[in-house]
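# requesting a structural model of the entry that follows:
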Amino acid sequence: MYLGVGVVGMIGNLMVIVVILSSHRMRRTTTNKFICSQSALDFFASFFVAFTSFFRNPGNIPPGILQELFCRFWLTNWPLWSVFVSSTYNLVAMTFERYVAIVYPLQHGRIVTKRKTYIAIALVWCVGPLWLTAYAVSSSTVKGGVCTVYSEWPSEFVRKLVSVVTLLLQYLTPICSITFAYIHIFVTLNRKTDKGLDAGNDKRNERMSKARRNVIKTLVQVFAVFVFCWSWNQIYFAFFNFGYPLNLRSTFYQFTVLFVFANSCMNPFVYTFNYDQFKKVQRQMFCPCLKQTSQSSDSDSVTRNATERNSQTTLCDSVSNLSHGQLPSQTSPQQIGSGNTVM
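Numbering: from 1, shown residues only. Reported below is the predicted structural model:
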């Protein structure tokens, strides 16, 4: 089952990356840079999900440093959970980019620059491996040829403290911060609507407002999927770490793990069904005829807008001339050519 989830996730997230990179307009925006980073992280997560059940026997590894590394890094699922944690914080960064754009639009260009965006993405990719190295690798070891993971703690207090920090870092902090951001975003958008800032006769502003709301709606759905997939596992694991007699080999716990794994392959479906800009580029990629139709439509739209502007300019000039007492020049029907009179 893990293999199937992993393969679906790899295909779906690779498709998202290809679609975004194929469109110059999409890959320029900061939000789509974060979506591309999210899909890359989910691609690697799906890869490790697909192969997480393979090569689990440390007996095939010769004793020594190789067996220690195999135990601490592979049997702890260090690559998989590192990517999961980084993916979570990429979602946080993506949300707060939209938060700044909506709540502080005048400062957005100064706060969210291209350089800062790439630095944020790089930091996000480092968060997961650093935390899992400090947490999983340090608490696992090989004893008598047997690998024991997440079990080597100086004291019971340290174990519970690490459990609390893990719950805060991997679950509560991301959820609370993202929830706060979206509440503030919705309040700001509703306030703008009440003031009429997003309405009016300006079609361009209306289109931008609609596109902005569509992006927010898509990211909220990505967040909702994250909460649904992660909550069961994190709550169950927290109770286990606090001493409740729960079985990590139970069928229910295995289902909670499967939900976490499935989260890495669900976002492409959210983009495909809800993200308008992504859907448009995706359809153009898989059906070239739609691309030609879109280009023709865009050309017609540009021509129509230019004609409307020219008409408005001509009308304004005529009104201006009349206001200065000037009449439009007329050619007498009796004069044609160079002064010849028609009898």
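# whatever helix or strand residue 187 lives in - contacts with which helices or strands?
Element membership for residue 187 (DSSP states H and E) is helix 173-195. The contact analysis (3 or more Cβ pairs under 8 Å, 6 or more residues apart in numbering; DSSP states H and E) places helix 173-195 against helix 78-103, helix 203-241. Quick note: C-beta positions are derived from backbone N, CA and C, even for glycine.
# quick one, which of those is nearest to residue 22?
helix 203-241 (18.7 Å; Cβ to Cβ).
# check which element follows the closest one along the chain.
Trace forward from helix 203-241 with DSSP H and E and the next one is helix 251-274.
# and residue 13, what is it in contact with?
Neighbouring residues of residue 13 by Cβ atoms under 8 Å, 6 or more residues apart in numbering: 39-40, 42-43, 46, 264-265, 267-268.
# on that earlier part again, what's the least confident stretch among the helices and strands packed on helix 173-195?
Across the helices and strands packed on helix 173-195, helix 203-241 has the smallest mean pLDDT, namely a mean of 87.
# give me the angle between that one and helix 78-103.
Computed with axes from the mean of the first three to the mean of the last three Cα atoms, to 10 degrees, the direction of helix 203-241 lies at 140 degrees from that of helix 78-103.
# how far away is residue 117 from residue 183?
With distances taken as Cβ to Cβ, to the nearest Å, residue 117 is found 24 Å from residue 183.
# let me fix that, I meant to ask about residue 158.
Distance, residue 158 to residue 183, by Cβ to Cβ: 36 Å.
# pull out the buried residues from stretch 211-227.
212, 214-216, 218-223, 225-226 (16 or more other Cβ atoms under 10 Å).
# any idea which of those is the one closest to residue 7?
Each of these was checked against residue 7 using Cβ to Cβ; the closest is residue 225, at 19.1 Å.
# the closest residue to the closest one other than its chain neighbours: how many residues sit nearby?
Spatial nearest neighbour of residue 225, excluding adjacent residues (Cβ to Cβ, 6 or more residues apart in numbering): residue 266 at 5.1 Å. Under the neighbour criterion other Cβ atoms under 10 Å, residue 266 is assigned a count of 20.
# use 883 as the first number for this chain going forward.
Okay, residue one is now 883; in that scheme the one you just asked about reads as residue 1148.
# wait, doesn't residue 1148 sit right on residue 1109?
No. With contact defined as Cβ atoms under 8 Å, residue 1148 does not count as touching residue 1109 (12.0 Å).
# pLDDT below threshold where in the stretch 1033-1182 of the chain?
Per-residue confidence for the stretch 1033-1182 of the chain (pLDDT under 70) gives these ranges: 1075-1087, 1170-1182.
# repeat the analysis, applying 80 as the threshold.
Within the stretch 1033-1182 of the chain, the ranges that satisfy pLDDT under 80 run 1033, 1074-1091, 1093, 1123, 1125, 1130, 1168-1182.
# picking that back up, closest to residue 1116 among the buried residues of stretch 1093-1109?
Among the buried residues of stretch 1093-1109, residue 1108 lies closest to residue 1116 (Cβ to Cβ), at 11.0 Å.
# could the contacts of residue 895 go into a markdown table alongside distance to residue 944 and neighbour count?
As requested, those are exported to a markdown table (distance: Cβ to Cβ, whole Å; neighbours: other Cβ atoms under 10 Å):
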| residue | distance to residue 944 | neighbour count |
| --- | --- | --- |
| 921 | 38 | 25 |
| 922 | 34 | 20 |
| 924 | 35 | 28 |
| 925 | 32 | 23 |
| 928 | 31 | 27 |
| 1146 | 33 | 31 |
| 1147 | 36 | 23 |
| 1149 | 40 | 24 |
| 1150 | 41 | 24 |
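# determine which two of those residues are furthest apart.
922 and 1147 (13.8 Å).
# number of residues surrounding residue 1015?
When neighbours are counted by other Cβ under 10 Å, residue 1015 comes out with 14.
# distance of it from residue 1106?
For residue 1015 relative to residue 1106 (Cβ to Cβ), the value is 31 Å.
# likewise residue 1040?
Taking Cβ to Cβ, one finds residue 1040 at 35 Å from residue 1106.
# got it, and residue 1095?
From residue 1095 over to residue 1106 the distance is 16 Å, taken as Cβ to Cβ.
# now residue 884
Distance, residue 884 to residue 1106, using Cβ to Cβ: 24 Å.
# can you report phi and psi for the closest residue to residue 1122 other than its chain neighbours?
Using Cβ to Cβ, 6+ apart and skipping the chain neighbours, the partner closest in space to residue 1122 is residue 1128 (4.5 Å). When read as degrees, to the nearest 10, the backbone of residue 1128 gives phi -110, psi 150.
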